[in-house]
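Colleague: would you be able to build a 3D model of this:
(4 chains)
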Number of protein chains: 2
Amino acid sequence: MARTAGSHSDITGPRIREAALRLFAKHGYAAVSMRRIASEVGVQAGALYNYIPDKQALLFSLLKGHMDELLEAWDETAPGGDPLARLEAFVRFHIRFTLRRPESIFISYMELRNLEPENFIQIEALRGRYEAVLEQILRDGQAAGNLSVPDTRIAAFALIGMLTGVNTWYREGGRLSEDEVAALYWDMARKAVGAG
Amino acid sequence: MARTAGSHSDITGPRIREAALRLFAKHGYAAVSMRRIASEVGVQAGALYNYIPDKQALLFSLLKGHMDELLEAWDETAPGGDPLARLEAFVRFHIRFTLRRPESIFISYMELRNLEPENFIQIEALRGRYEAVLEQILRDGQAAGNLSVPDTRIAAFALIGMLTGVNTWYREGGRLSEDEVAALYWDMARKAVGAG
DNA sequence: GTCTATATTAGGATAGAC
DNA sequence: GTCTATCCTAATATAGAC
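Modeller: Residues are numbered from 1 along each chain as shown, chains lettered A, B, ... in the order given. Got it, this is the predicted structure:
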């Protein structure tokens, strides 16, 4: 949808972020030029700089937005009570989020190395908070005798790695629904932490 | 170690590959220039082209070399017999390989998107062969009643994701030895597939 | 707010001297 | 086999017209 001229401040900003997210996920931050993003949006490269100060800020904004959204979504979802129920909620939440925001999940750890040091520190801190959520659930479950893992910290990493890996094979419209995928992963995750 | 002149064909070739592997893993293929690789090796950029036709061929060569090495190493390691023993061997093999070749493992799936189509197809085929190894073990174990997973294909992806994730936290010289890490992961992997 | 035009820097790759 | 020098292309970012 090529366009010619005029003012579209309301929609251009979001469209820049959408295009950048999609292109960064597909080709990588360093491989995507500002011209290419602009072309996807239907403007010239110079117009992007009405919305972002530079390319790095665009990447940071996408990652920061993703992590904030992830943590807020969990805070709204998180149940209390039984550690095992909380673990199941976390697993299903993570799978659902990963399936619905595959590009955000993808760049949020693929493009960490392209963040400048200050930005990297901020994103890493948010990531750490998310991992700590799972580790706390595992610790509580261990203390309550609901489950048994050799090391709560490493078990948390192992579980997140297992769950996030769904991105490598899942394609929308495939043989399994979102709920079926979540059920499969919950079955394996539950057993992995000795709550079988 | 800057150098000035002379002929070093025996060592320059391998050093180019080592430098490229390290830099690609740290910063990403697209973010690393040929000049930077040359600088690490201690030659000028033009000299690289005595060893490789272009940058893309360098990336492909690294990924191809890694996958070949991975598959050959497994063929030499793979035991026969009991599916559960084969599964344990696979888990320990994968953890050991991942810990010893973190950079190769890292770029072998981070840089897939920077491969040109023909090259991508080749690497994907090799990756598929490796995943098929694990899936066959799971199928055999399922048939023999050694283990129980909801879906052998997805369980294979889940396990590989879990195991490869060790790269995100393991640092040499940390509190855990390679064998201890392998034991932790084997414990979780074994339980995850219902062979607890 | 967007365009066109451009300053400036850096990239991949090659040519020819040594 | 490596160096220096360079071609050519493309990148980020900015300036000024509309």
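
Colleague: got the buried residues for the helix ranked longest in chain A?
Modeller: What stands out as the longest helix in chain A, according to DSSP state H, is helix A:117-144. For helix A:117-144, a neighbour-count test (16 or more other Cβ atoms under 10 Å in any protein chain shown) marks A:119, A:123, A:126-127, A:130-131, A:133-135, A:137-142 as buried. From N, CA and C alone the C-beta is placed, and that goes for glycine too.

Colleague: closest to A:Thr77 out of these?
Modeller: Lowest distance from A:Thr77 to those (Cβ to Cβ) belongs to A:Val133, with 10.8 Å.

Colleague: OK, contacts around the closest one?
Modeller: A:74, A:78, A:90 (Cβ atoms under 8 Å, 6 or more residues apart in numbering or on different chains).

Colleague: please repeat the previous calculation with a cut-off of 10 Å.
Modeller: Neighbouring residues of A:Val133 by Cβ atoms under 10 Å, 6 or more residues apart in numbering or on different chains: A:71, A:74-75, A:78, A:86, A:90, A:93-94, A:156.

Colleague: domain assignment for chain A?
Modeller: A:1-52, A:54-192 (automatic domain parsing).

Colleague: weakest of those domains in terms of mean pLDDT?
Modeller: Mean pLDDT per stretch puts domain A:1-52 lowest among these, at a mean of 90.

Colleague: and that one, anywhere near chain B?
Modeller: Yes - Domain A:1-52 is in contact with chain B by Cβ under 10 Å from any Cβ of the partner chain, via A:25-32.

Colleague: just stretch A:178-191 next, same as before
Modeller: Yes - contact of stretch A:178-191 with chain B (Cβ under 10 Å from any Cβ) involves A:180-181, A:183-191.

Colleague: which one of the residues you listed is nearest to DNA strand D?
Modeller: Nearest to DNA strand D among these is A:Val181, at 35.5 Å by Cβ to the nearest atom of the strand.

Colleague: quick check on the contacts of A:Val133: which are buried?
Modeller: Here, 16+ other Cβ under 10 Å leaves A:74, A:86, A:90, A:93-94, A:156 buried among the contacts of A:Val133.

Colleague: between the residues you listed, which is closest to DNA strand C?
Modeller: Using Cβ to the nearest atom of the strand, A:Trp74 is the member of these that sits closest to DNA strand C, with 33.7 Å.

Colleague: got the angle between the strand or helix carrying the closest one and helix A:117-144?
Modeller: Here A:Trp74 sits within helix A:55-77, counting by DSSP states H and E. Interaxial angle of helix A:55-77 relative to helix A:117-144 (axes from the mean of the first three to the mean of the last three Cα atoms, to 10 degrees): 20 degrees.
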